[in-house]
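In: what shape does this take:
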Amino acid sequence: MQFTSTPRGARLARRLASHRLDDWGHPYTSTTNETLTLITAELAANAVRHGHVPGRDFRLRLLRTSTALRVEVTDTRTERRPTTAPTHTPPSPGDESGRGLFLVSQLADRFGCEPRTGGAPGKTVWAELDVPSSPRRPTSPTTHPDPISRISKMI
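Out: Numbers count the residues shown, from 1 in each chain. Just a heads-up that it's a prediction; the model follows:
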């Protein structure tokens, strides 16, 4: 789905991801839903802040397989590619930005960046989260700790 490259668009993308995960059997309060929703929020916010081209939208794509959930955020800015090295280091306490991809690197099982498909300008930043093969309702324990407690340990 396409969203306007605005804070409102990023917020709507985050909400869509949470709703879709709930539809797929990962309830709103599950760790899987909370973690992937936070990852989506960070990637969408980066698309708005760093990938914005006036008059161009960003695109959110959610995919699921039997073993993983994947979120992809595509924007039209080619020259601003994020660093996705596995050794992504935390920002210094005085830094005003740079925490978003660090959080994604800590919460996702895998993430990366690739050129936009079809020859169009831009890039796709993606993240994957491994999940149990069959989610259950109303809650489903996962191997991922609570994202809020993971973040608080990083700070």
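In: quick check: what element follows the longest helix along the chain along the chain?
Out: Longest among the helix segments of the chain by residue count, using DSSP state H, is helix 31-49. For helix 31-49, the following helix or strand on the C-terminal side (DSSP states H and E) is strand 58-64.
In: how about residues contacting that following strand?
Out: 1-3, 5, 9, 13, 16-17, 20-21, 24, 40, 44, 47-48, 51, 69-76 (C-beta atoms under 8 Å, 6 or more residues apart in numbering). Quick note: C-beta positions are derived from backbone N, CA and C, even for glycine.
In: narrow these to those in strands?
Out: 2-3, 69-75 (DSSP state E).
In: related to what we said a few turns ago, got the buried residues for the longest helix of the chain?
Out: 31-48 (16 or more other C-beta atoms under 10 Å).
In: give me the spatial nearest neighbour of residue 78, chain neighbours excluded.
Out: residue 121 (4.9 Å; C-beta to C-beta, 6 or more residues apart in numbering).
In: wait, I meant residue 116
Out: residue 122 is the one closest to residue 116 (C-beta to C-beta, 6+ apart), at 3.9 Å.
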